[in-house]
Structure formats: C-alpha cells, structure tokens
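Novice: Here is a sequence with its predicted model. Questions after.
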Amino acid sequence: MNDDHIPVTVLSGSLGAGKTTVLNRVLTADHGLDVAVVVNDMGEVNVDAEHVAKQSDLAGDEEIIEMSNGCICCRLRGDMLDEVGRLADRREFDYLLVESSGISEPVPVAQTFAMGFEDASFDPTGTYELDTMVTVVNAHSFWESFDSGSALTNQQLEDDSGRVPEEVLLDQIEFCDVLLCNKCDLVPDDALEEIEVVLERLQPRAKIIRTEFGDVDPDEILGTGRFDFQQAQDSAGWKHELKHDHHHDPQEEHGVTSFVYQRDRPFHPKRIATLLSDLPDELIRAKGFFWSAGREDVAMGVDKAGTSVRAGPSGKWLATLPEQERKKYFAARPGLKDDWSDEWGDRMTRLVFIGREFEEDALIERLDDCVLTDDEMDENWDAYIDPFEPQERRELALTNQ
Ligand SMILES: Nc1nc2c(ncn2[C@@H]2O[C@H](COP(=O)(O)OP(=O)(O)OP(=O)(O)O)[C@@H](O)[C@H]2O)c(=O)[nH]1
C-alpha cells in the first residue's frame, strides 16, 4: 500500500442487494476514517445519494458525489474521474468509497482506478489506489433463483452493452476480493451453506462474509489491501478449473457440482448448437471453448450465466499462427504446450460446468453425442452449416428463455 495514496473500495452488486445499506453501515461505524463517497444511480433521480445523506447523517463537510443518468463503468467513466480528481485536490478525506450501480461491470470500474482512462483529464494512478472490490450478493434472490431453476435474478434491465443482469452479476462475483452474502435473515441456514458453496465455486479467491442488513465489520472492506488486478482477473472459478484441470471427475459438495469436459475431437456444429440452446436449468455457469468441425480457424467460446447463453467465435486457434509467432507465444507461457496435438495443434474442447443438483452424467452423454463419430471424422466438414456465424453478426446469442 502506498501511504500517500487514497485507498478506494468499490461496492458492486445487483439492484436491491443491499449496497446502500452496507454503505450506510460503514459511514456510521466508528473506524476513525474520513470517507468520501461516490454513488452511481441509473435513474433520473439520485435516490441512493439522498438516502445515504439522510441515513448517515453526514456532517456538511463530508463528501458525497452523485453520478446519475449513466453508468460509471461506461458512459460516466471519464466524468467520475473528473469528479474524484476535484475531490483529491482538496484532500479533506482519507478513504474513497464507491457504490456502483447494480448494472455496473466491475472490470472497467476497477480499470478506471487502477489504470486511469484515456478520455479523462485526471489520472488517478498517482493519487488513488484500489484497495478492495466488494460484491454484495442478495442471498435471498440468489437462493430463490436456484429453486425456480432459472435466472440468477429476475430483473430484466440490460446494461449499455446489452448484457443481461445475470451476466453482470456473475462478473461481479467472479471479479472481487470480498463477497458479502447479504439478506441472510431471509434464507434458512442449510440454504446459506449451499449458497456459500456456489459462491466459492464461482470465486474461490474471495473472502465470503454473511451479513444481515449489511452488518459488516468495516475492517473487512476498508483498508484490506486485498485488491490485485491480475489476481482478480484470474480468480474466476471457471478459470481456476480450466487451468488446474486436475479433476475431470465431478466435484460435488452440498449438491453443487463442477467439472471440466474435455475432448480432442470436434463437435458437430448443428448438434452442439442445439444442445447449447437446451442446457439444464440447474447449470449456473458454463464457460470455456470448443472446436466446431469446419471451423479450424477459430475457437468457439461459450458463456452461460444463469439462463443467458452465448456461443460464438472467440479467437483464433494458436495452430493458425505462423510458426515464429506461435513459438513466441509458447515461450511466454510455459505449460501451455502440454495439450498440443501433432495433428490438430490446440484445436480441442475445454468446457467448465458449474451447477446445482444436475445430472452430470446425462450432460456428459449428451455432449458426447455431439462429438463427431468415426465416420464423420472422414467427412468434408466444410460442407457443414455453421450456425455460430450468421452473415451480419459474429456472435450468436442463444437465449433459452
Ligand atoms: N430483509 C433484509 N432486507 C435488507 C437487507 N439488506 C438490505 N435490505 C433491504 O433491501 C432493500 C434494498 O437495499 P439497498 O441497500 O437499497 O440495496 P442497493 O443494493 O443499494 O439497491 P440499488 O441501489 O437499488 O441497487 C432495502 O429496503 C433494505 O432495507 C437484509 O440483510 N435483509
């Protein structure tokens, strides 16, 4: 921690998860810090900021900056920096707490503080230091979504990039240092254990803390020094499982299962597209890439968050790169070569599935039915219709709602 930098904690979490409640708790707690606050509301009126000011009974010299009519992860990125730059000029506070809107993507918000933003007049890197990324999870709606076997949230708002709340919530969970499992009073204890297992599977690095009405010890979210951009970026459970694909056997705990599906033969494009549009509802997360026969140029990415499924071209196979470039790539990433095949290079399938009470054997069998048969291996794959790349769009969003 740089002593002359102002530490920053960012609170994320879906709408109504309890971010403002946590913020108020922290502002009224006795931690000896002068905290300045940025509150990002999406609505016309800055309800939260008014609420915070009222509830926390802030003295006139405390600072609350309201950012509304846009999201600090996209449209208001530069504006937020201008504001915190002005704040820093006065330096009458020693901690900055940011409540992002429910639909803010955490990565760009973190990047804004950790690396600055090209369009902004203020460069935060000499003044601020990102200390802790906190995600508040609404345990009650998270749990209900399990039981309904469907969405992780039932809000239908899309953010500016057209992503649905479930995808954003998963980003918020997968990219954070501390997870506050809030509204625990509304959920029975055994369900809480299950929720924790799911959260751990999705995000093994984060510290998980159960809260009711945001009753967290401020030390758990202020001045923790836990944030590390690279670690946060690499910390998603699915990345962890892919990288340490030590266990292809399903890992089961409290009915929560995760496993890596890996095959070196391609899928039949039509069959895998059909399967991807009909994945079990109990699957909370699917992520990774696969080889679709006929697409020896690009890997297909899969991203399932709750009910939303996206599948489409996600990057060239390394095997398509010129020898020199490929060598450089491998040199920088030892260990990557382990899976290389003489015939097909890195063309292969590696998919991580995380779900609750779903029948993994049945899913594995269905996936295996999508893999090319011996006869199909000898066919002309170019004749297959590619459902993953329609004319106008590079990405096909398969949404099975
Ligand atoms: N039962 C229960 N209610 C809670 C808890 N935490 C917060 N609430 C209530 O849930 C509602 C939403 O809480 P907020 O703190 O405003 O949530 P938020 O995440 O800031 O919401 P947005 O700013 O709209 O995204 C409020 O009515 C809170 O009083 C909790 O642990 N249990």
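Specialist: Cool, the structure landed.
Novice: going forward, measure contacts between C-alpha atoms and count neighbours the same way
Specialist: Will do.
Novice: Tell me the first helix or strand C-terminal of the helix or strand hosting residue 270.
Specialist: Take DSSP states H and E as the rule and residue 270 turns out to sit in helix 269-276. Tracing the chain C-terminally past helix 269-276 and defining elements by DSSP H and E, one meets strand 283-290 next.
Novice: ok and the helix holding residue 270 relative to strand 283-290, angle-wise?
Specialist: Taking axes from the mean of the first three to the mean of the last three Cα atoms, to 10 degrees, one finds that helix 269-276 is oriented at 160 degrees with respect to strand 283-290.
Novice: Show me what helix 269-276 is packed against.
Specialist: When contacts are defined as 3 or more Cα pairs under 8 Å, 6 or more residues apart in numbering; DSSP states H and E, helix 269-276 packs onto helix 360-370.
Novice: what's the distance between the helix it packs on and the middle of its chain?
Specialist: Chain-centre distance of helix 360-370: 26 Å, with Cα atoms, centre = their mean, to the nearest Å.
Novice: residues of that helix that come out buried?
Specialist: 360, 363, 367-368, 370 (16 or more other Cα atoms under 10 Å).
Novice: repeat for stretch 259-275
Specialist: Residues 259-273 are the ones in stretch 259-275 that count as buried (16+ other Cα under 10 Å).
Novice: export it as CSV, just CAs?
Specialist: Extracted C-alpha coordinates of stretch 259-275, given in CSV (Å, rounded to 0.1, in the frame of the first residue of the first chain):
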residue,chain,number,x,y,z
PHE,A,259,-16.4,-30.5,-13.8
VAL,A,260,-14.3,-29.9,-16.8
TYR,A,261,-15.4,-31.5,-20.1
GLN,A,262,-12.5,-32.1,-22.4
ARG,A,263,-12.4,-33.8,-25.8
ASP,A,264,-9.9,-33.6,-28.6
ARG,A,265,-12.3,-34.3,-31.4
PRO,A,266,-14.6,-31.6,-32.8
PHE,A,267,-18.3,-31.2,-32.2
HIS,A,268,-20.8,-31.4,-35.0
PRO,A,269,-21.8,-27.7,-35.3
LYS,A,270,-25.5,-28.3,-35.6
ARG,A,271,-25.7,-30.8,-32.7
ILE,A,272,-23.7,-28.7,-30.3
ALA,A,273,-25.7,-25.6,-31.2
THR,A,274,-28.9,-27.5,-30.4
LEU,A,275,-27.5,-28.7,-27.1
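Novice: Give the residue spans of this structure that score low on pLDDT.
Specialist: Within the chain, the stretches with pLDDT under 70 are 1-2, 42-62, 146-164, 244-250, 335-337, 389-401.
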